[in-house]
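Visitor: Let's see this in three dimensions:
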Amino acid sequence: MNVPILTSAAALTLVLPLQAQIKPSPEFPKIHIPEGTKITQFATADQVNNVTAICIDGKNRVYAAETHRWRVQVQDIRHGGKNNRYLRDRVNGDISTMTLKDREAYHKKWSGVEPDFLKWDQFDDQSEVIKVLEDTTGNGKADKTTVFRGDFNEPLAGPSGGLIEKDGTVYFAMIPGVYSLKDIDGDGKAEEVKTLVDGFGVRVSFSGHDLNGFAFGPDGKLYWSIGDRGYHVYQDGKTFSRPDSGGVFRSNPDGTEFEEFYINLRNPKEIVFDDFGNLFTVDNDYDQGDRERILYLVEHGDTGWRMGHQTLASFGGVAWDHLGSKPPRKEDQIDAWMNEGIWETRHDRQPAFVNPPIAYSVNGPCGLAYNPGVTTMPSKFDKNFFVVGYVANADRCVIENFSLEPNGAEFKLKTQEVFLKGIALTDIDWSYDGKLYISDYGGGWSRPNKGNIYAMTGDRKDNAAAVKEVAELFAKGFPNIDSKKLETLLDHADQRVRCRAQYALAERGKESLAIFQKALATENPLLRRVHGLWGIGQLAQKDPKLLSNLKGLLLDKEMEIRANTARVLGNHADHSHAYRGELIAAIDDSSTRVGGLAAIALANAKESKAVQPAITFLERNADKDVVVRHSGIMVLAKAAKASELAALKSHKSIAVRRAAVVALRRQQAPEISAFFDDTDEAVRQEAIRGAYDENVVGAYAALSERAHAIAKRVTPKVKHHPLSARRALHAAWTLARPQDLKVIVDIVNDSSIDKRIRRDAITTLLDWNNPPVGDPVTGFARTLPKGRTKLPATLIEQLQPYFKSAPTDKEATELLARALKLVSQDKLAISSAQLKAYLNAKDAPEDARLEALNILAPLEKKNPKWKDELNALVSDKSDKIRSRARSLLVFLNPGAQSLKLLADTLKDKQTTLAEKQLTIKTLGTINKPEAGKLIAAELKKLTANKLEAELALDVVMAAEASKSPQARKALADFRAKLPKDDPFAEWNVLCETGGDVAKGKAAFYGHGIAQCQRCHTMHGVGADVGPELGAIGKSKDARYLLRSLVNPGAEVAEGFGLGTITLKDGTAITGTILTKDDKGNSRVKIEQKITVIAPEKIASQTTPVSAMPPMAGILNKQEMRDMVAYLLSCKEDKTDDEHK
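Guide: Just a heads-up that it's a prediction; the model follows:
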């Protein structure tokens, strides 16, 4: 039984598959497995640790890749130094790296800048390791462990990513390259190591988004993947560069004929083929409310992920001065991945350039395997995929099994359920004696330096003979099997046997041609025919004339034969001339799967005669089948000229026009601007999106000209305004010609335009003279054109229609703070009278009034009336205005009278908390003995527990900022009296109360390093690795919340801490430790069952462990205090529409 995966973003909390019929293993109660299976331990932590990937050779030896560099030499962009003071520069530096040389320079720049920033000469200190484990006695346990190779320590290396073995060669994926290793003398150690392809991992990015493996395809080529650490590969005289996204690649087993196969993935950890040559992966989410996705990897496909989406979402308030934190300004930090639903399963508003997922899957997908056909597992798992979900806590890590079925040229989900739970697993692989091997990483988000390898077997008996045969075949080795026997194996029940037989025959050259020809006979089983077809395709790699043997197969009665004939011809595009006419006809095949693969073959051939048939194909499809759409688009992109595509702007079919736009996007052709005025909104947006996001600067002038019209199409009814308007504005910002500035000024001045667009227009002006490193729309680092104009000093005059309307126009007033920021930042001329009008406007927002006051301060400091005006503001209704007025009075005359004003403020019972906090902050900036005395006095109150707890952190921060010896001594005295045995004592005193709820909320959703939504849901939005926090403030107090943040192990949330209770009879029960019942009995939750244990039966119990990292190393004390305040305010379960 399974639960169908929901396809709406509105149903994010209901997407987990059913945990069907799994129960605790008798040998390992913490591990839950299906009926009819058992699990044993193959290797222990004494033999392996930190295992990231495994593979198995023909002798059923297990190769295990270990990481010892991860989180040390392999770094993470979220590490910004003490108090994150370098985070902005590190993020900007990382998004600017394009090659491995750039990343080397990046590491050298930051070498030893802080004590915990690794020095460059330490980058080769640790090495990744491959071990081989062998059961020499046949008892199911590894008794021989050998280091296969252990010197992978070049400075840019790691972590260990993927392994696969074929005929004595082990292939290893590890940034920066793909390597082949051979044991020449049979001692279990690899004497030969060759680099096949390198240039991977040009970014630091998010740790774990690395080079991964591996699968051999129907063409005999090696396929592998990488996450969004990106690549810049130079191979066979060609450059392949996508430094900000992941992808899938293929090459010959020796690394030649390297190709990009699929582009713009986030973090696909493994790839697998099904029986008919279709490639799949499960890609990771980016922890902002999206989901992990099951993907069909059709050739040339594009999932739409770019690291810029993550940069905007995670670092918007860090890397961009004017984007702000994620809430409450979600409109300021929109990334297309979420806003345009790129990540979702198919929906109407989704961009057409995207190949959407089939369905959603488990959290943290890594290892992936396809049931090869002959295993010991129960038959219900035949033709199933198995994906590992790693979330650090073993109790919440799973293996999910799912099955797919064809749906036109696409696929759809058939079944989905949890197969195993209870191991912190990273990879799985099938052995050749029917077992499923599982690597146990040990848990956590660092290097636990522990682990295991398990083996699962099933009780299936009907294929025992076949299991034995498979083991014998692989033990012998396919190169050692005669061709006659290999011929009989082309329709074997096991996929691995069929493929290895095909590969072995193909490697023997033309002598195998007759066998493959014979296999193609129509009376043969379908799979034999398919492998015969693929075998001829392999032979044709050396002799293209052999493609003549495919004659007539595009008309075969079997759909899979027609489809795979097209696939093979697509792999030989340069030599498919004789079949081009048949391929064009095949576009109209009764099967859209055949038509799609035929179109891909013609696209690869750049066959211009296929353009019109492809247009007809697209029109007939009418955007219904996304794979058909993709295939047709590829013909247009590769075989049509840009001028031909632009001419399609008058085609009657919307589907054809959208396809033409995506094709022009692929070509990065300026002619894409022909569709900016299309009558259909979706086509217009596709064109604007393609031009801007692909940096088609040649189309920017046309986009800038239309920015005003595009802006006027946005209405208040649109919850999150289309990014089209932002793209058009930033096209003008990019070019920055006088006419572009006028476009933006006119939008700011136009009161009929939605205020969100006007705010974006003001933001472009704020960024005009000092552009950020990353593009504010895409997050990419771009080089702007030379000769951009500067903002004129008379800009305020040009903006007078806006500024004059601000005091009376509600929407203009709401944007006033941002507009005034432009005045102060770029030192633009504005009259004091106008500023005072804003300052004294009754309905002006507080932040706008405060900005006006800050601008006025230097302008009015010589005005004799200014002091009186400030004194009047000390009685203002706004505590922030009052506080700022006091501080300005102090700076005007930093004498005893002004300092008395601050002292009186602290004593006044009517003074608000915010005022007192701002007043104390001001004291820390005044270099006067009297200010130091005031701070010291407040510190003495704190030491004596007589200070308002809400002010504790402010007083300490003021003392840290002060140059006063008295303040510094008082601070030392305070710290000297803190408990020495509690490393978090100061946090507890300073951060429990006094925080800002709004700032805490901003940090929860937008902190680039804390990444709270990676693990927690808030009102149903986020991940479910940790507990739901929507009503946490109702059940927990500030002390609990603070301890849970500072040291998660101290306060493990019920139901999320893993521990072990050992009974007096020796039995170990491991699971989620719950609170004791009212009789004092311990309770352990294993799966959905709660086991109750009487205290007299317990010998020992471990402390529950949390997978959450200590926030004390991530949030500074001010951020921590704000976070506590926000969580304490969360007292109601509700749906979060703002962040969904």
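Visitor: C-alpha only now, for contacts and for neighbours.
Guide: Will do.
Visitor: now the stretch 651-800 of the chain, which segments are flagged as low pLDDT?
Guide: Low-confidence segments of the stretch 651-800 of the chain (pLDDT under 70): 719-721.
Visitor: typo on my end, it should be the stretch 851-1000 of the chain
Guide: Using pLDDT under 70, the stretch 851-1000 of the chain has no residue that qualifies.
Visitor: Now do the helices in it.
Guide: Using DSSP state H, counting those that start in this stretch, the helices of the stretch 851-1000 of the chain run over 866-873, 879-892, 896-907, 913-923, 929-943, 952-961, 965-976, 985-991, 997-1006.
Visitor: Out of those helices, which gets nearest to L1127?
Guide: helix 997-1006 (7.9 Å; C-alpha to C-alpha).
Visitor: Quick one: name whatever helix or strand follows that closest one.
Guide: Sequence-wise, the next helix or strand downstream of helix 997-1006 (DSSP states H and E) is strand 1017-1018.
Visitor: which secondary structure elements does that following strand contact?
Guide: Contact partners of strand 1017-1018 among helices and strands, from 3 or more C-alpha pairs under 8 Å, 6 or more residues apart in numbering; DSSP states H and E: none.
Visitor: Include distance to A190 and mean neighbour count when you put the helices of the stretch 851-1000 of the chain into JSON lines, please.
Guide: Formatted as JSON lines, the helices of the stretch 851-1000 of the chain follow (distance: least, C-alpha to C-alpha, whole Å; neighbours: other C-alpha atoms under 10 Å):
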{"stretch": "helix 866-873", "distance to A190": "78", "mean neighbour count": "16"}
{"stretch": "helix 879-892", "distance to A190": "69", "mean neighbour count": "22"}
{"stretch": "helix 896-907", "distance to A190": "73", "mean neighbour count": "17"}
{"stretch": "helix 913-923", "distance to A190": "63", "mean neighbour count": "21"}
{"stretch": "helix 929-943", "distance to A190": "64", "mean neighbour count": "21"}
{"stretch": "helix 952-961", "distance to A190": "57", "mean neighbour count": "23"}
{"stretch": "helix 965-976", "distance to A190": "57", "mean neighbour count": "18"}
{"stretch": "helix 985-991", "distance to A190": "52", "mean neighbour count": "19"}
{"stretch": "helix 997-1006", "distance to A190": "46", "mean neighbour count": "22"}
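Visitor: can you list those in CSV and add distance to H1016?
Guide: Formatted as CSV, these follow (distance: least, C-alpha to C-alpha, whole Å):
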stretch, distance to H1016
helix 866-873, 44
helix 879-892, 33
helix 896-907, 39
helix 913-923, 30
helix 929-943, 35
helix 952-961, 27
helix 965-976, 34
helix 985-991, 21
helix 997-1006, 10
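Visitor: who wins for proximity to K38 among these?
Guide: Closest among those, once you apply C-alpha to C-alpha, is helix 997-1006, at 42.1 Å.
Visitor: and the residue of the chain most remote from its centre, what is it in contact with?
Guide: Largest separation from the mean C-alpha position in the chain: P864, at 57.3 Å (C-alpha atoms, centre = their mean). Applying C-alpha atoms under 8 Å, 6 or more residues apart in numbering, we find P864 in contact with no residue.
Visitor: just to revisit the earlier point, identify whichever of the helices of the stretch 851-1000 of the chain lies nearest to L546.
Guide: When the helices of the stretch 851-1000 of the chain are compared by C-alpha to C-alpha, helix 997-1006 sits nearest L546, at 58.1 Å.
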